[in-house]
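> Sharing a model that was predicted from the sequence below.
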Amino acid sequence: MPSILNHTVELRHLLYFQAVAEHGSFTRAAAVIGLRQPTLSQQIHQMEKLLGVTLFDRARRRCRLTSAGDMLLPYVRRVLAEMDNLRSSLDDLSELKRGSLTVAVLPSLTHQLLPLALTKFHEEHPGIHVRILEMSVDEMERALVLGTVELGIGNVPPAETSLRYQLIYSEELVAVVAPDDPLARNKVATTEEIAGRPLLAPPPGYGTRTLLMKAFAKARRTPNFSLELSSVDVLLRMVAAGGGTGIVPASSLWGRTSKDYAVVRLTRPAFKRQIGFVTSHGVHTRPAAEAFIPIVRAVAKSLAD
């Protein structure tokens, strides 16, 4: 069977294949990449002939990936992402005067840590275009594996074994309650004490939710998740309005001085997590990311002190 390693399969074939797969139509893909539709169809047919497989089931108005095409797509995305990394890395060699950086972060880190770190980074490297994407832990790991982001800042160690990490800091999860809540006076609560309360927490897929489930399982309690929220800001407003007991990472409260809620430390067991940088193992970390990492680390240290 012909191989994708055959030198006659060219980069343009991969670009055209990805475009058709993402748009689900030869006509729409051709319009986006600036080719005539017959030319695009010919190029894809040539690629199929070289590989010895059919990549698309063609219908009158729409085309779908075959099993072979579905298998090929994530590899093509990674190859094209690596080519983008290579082009950007060559730009970055010019003293970081131009280039780009795409970072996936947990929503809980965007209130204080990221704005301060990005401000500092932009002061030092104004020519670098930075793209920040808020993601859950699961989404972040998938994006790193696919190569759609180059740096993640999230829970570590990652579940995906093909990823590597560097620890930034460790912290506890805390409860937030209304100021007149009985727990506000004690400032400490056990897992048993909050298990029966209506809890506000992130949805499944978020690291905080996973930690909560493990802690409650260890305490042999079943949590009552009355509301699922990915936004810490909305969660805090719900707590202030008497909507339940929120569970958030301590770092998500950095820089906040609201009198609308009280912070309660959780014990027996304590809810703990580690935050770190996550990258793909064996993939070159670009200079822009290398420059961003120490800035984030320094800002995190200053906020935690």
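The structure has been received and is ready for your questions.

> Pull out the buried positions in the strand ranked longest in the chain.
Longest strand in the chain, counting residues (DSSP state E): strand 163-177. If you call a residue buried by 16 or more other Cβ atoms under 10 Å, then strand 163-177 has these buried ones: 163-165, 168-169, 171, 173-177. C-betas here are computed from N, CA, C, even on glycine.

> Same check on stretch 116-129?
Neighbour counts using 16+ other Cβ under 10 Å place 116-118, 121, 125, 128 of stretch 116-129 among the buried residues.

> Next, the contact list for the residue nearest to Thr54 when sequence neighbours are not counted, please.
In this structure, Thr54 finds its nearest non-sequential neighbour in Thr66, 5.3 Å apart by Cβ to Cβ, 6 or more residues apart in numbering. With contact taken as Cβ atoms under 8 Å, 6 or more residues apart in numbering, Thr66 is in contact with 53-57.

> ok, of these, which come out buried?
With burial judged by 16+ other Cβ under 10 Å, the buried subset of the contacts of Thr66 is 53, 55-56.

> Pipe these into CSV and attach secondary structure per row.
Below are the buried ones among the contacts of Thr66 laid out as CSV (DSSP: H, G, I helix; E, B strand; the rest coil):
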residue, secondary structure
Val53, coil
Leu55, coil
Phe56, strand
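
> Let's have the residues you listed in JSON lines, adding pLDDT and distance to Ala291.
Putting these into JSON lines (pLDDT from 0 to 100; distance: Cβ to Cβ, whole Å) gives the following:
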{"residue": "Val53", "pLDDT": "91", "distance to Ala291": "42"}
{"residue": "Leu55", "pLDDT": "93", "distance to Ala291": "39"}
{"residue": "Phe56", "pLDDT": "93", "distance to Ala291": "42"}
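
> ok so, going back, and the furthest pair within the buried residues of strand 163-177?
For the buried residues of strand 163-177, the farthest-apart pair by Cβ to Cβ is Arg164 and Val177; their separation is 38.1 Å.

> Going by distance to Thr210, which of the contacts of Thr66 wins?
Leu55 (36.9 Å).

> Give me the subset of the buried residues of stretch 116-129 that lies in strands.
Secondary-structure check on the buried residues of stretch 116-129 using DSSP E: residues within strands are Ile128.

> now for the buried residues of stretch 116-129, which pair is the farthest apart?
Maximum pairwise distance among these (Cβ to Cβ): 16.8 Å, between Leu116 and Ile128.

> Any stretches of the chain with poor pLDDT?
Flagging of the chain using pLDDT under 70 yields the residue ranges 1-7, 60, 89, 91-95.

> Which parts of it belong to which domain?
11-83, 93-305 (automatic domain parsing).

> As PDB, could you dump the C-alpha coordinates of stretch 45-60?
Output of stretch 45-60 as PDB, limited to C-alpha atoms (Å, rounded to 0.1, in the frame of the first residue of the first chain):
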ATOM      1  CA  HIS A  45      -8.300  12.800  -5.700                       C
ATOM      2  CA  GLN A  46      -4.500  12.900  -6.300                       C
ATOM      3  CA  MET A  47      -3.800  12.500  -2.600                       C
ATOM      4  CA  GLU A  48      -6.300   9.600  -2.300                       C
ATOM      5  CA  LYS A  49      -4.500   7.900  -5.200                       C
ATOM      6  CA  LEU A  50      -1.100   8.400  -3.600                       C
ATOM      7  CA  LEU A  51      -2.300   7.000  -0.300                       C
ATOM      8  CA  GLY A  52      -4.400   4.200  -1.800                       C
ATOM      9  CA  VAL A  53      -7.400   5.000   0.300                       C
ATOM     10  CA  THR A  54     -10.700   7.000  -0.100                       C
ATOM     11  CA  LEU A  55     -10.700   9.900   2.200                       C
ATOM     12  CA  PHE A  56     -14.200  11.400   1.600                       C
ATOM     13  CA  ASP A  57     -17.700  10.000   0.900                       C
ATOM     14  CA  ARG A  58     -18.900  12.500  -1.600                       C
ATOM     15  CA  ALA A  59     -22.600  13.500  -1.700                       C
ATOM     16  CA  ARG A  60     -24.300  16.100  -3.900                       C
END
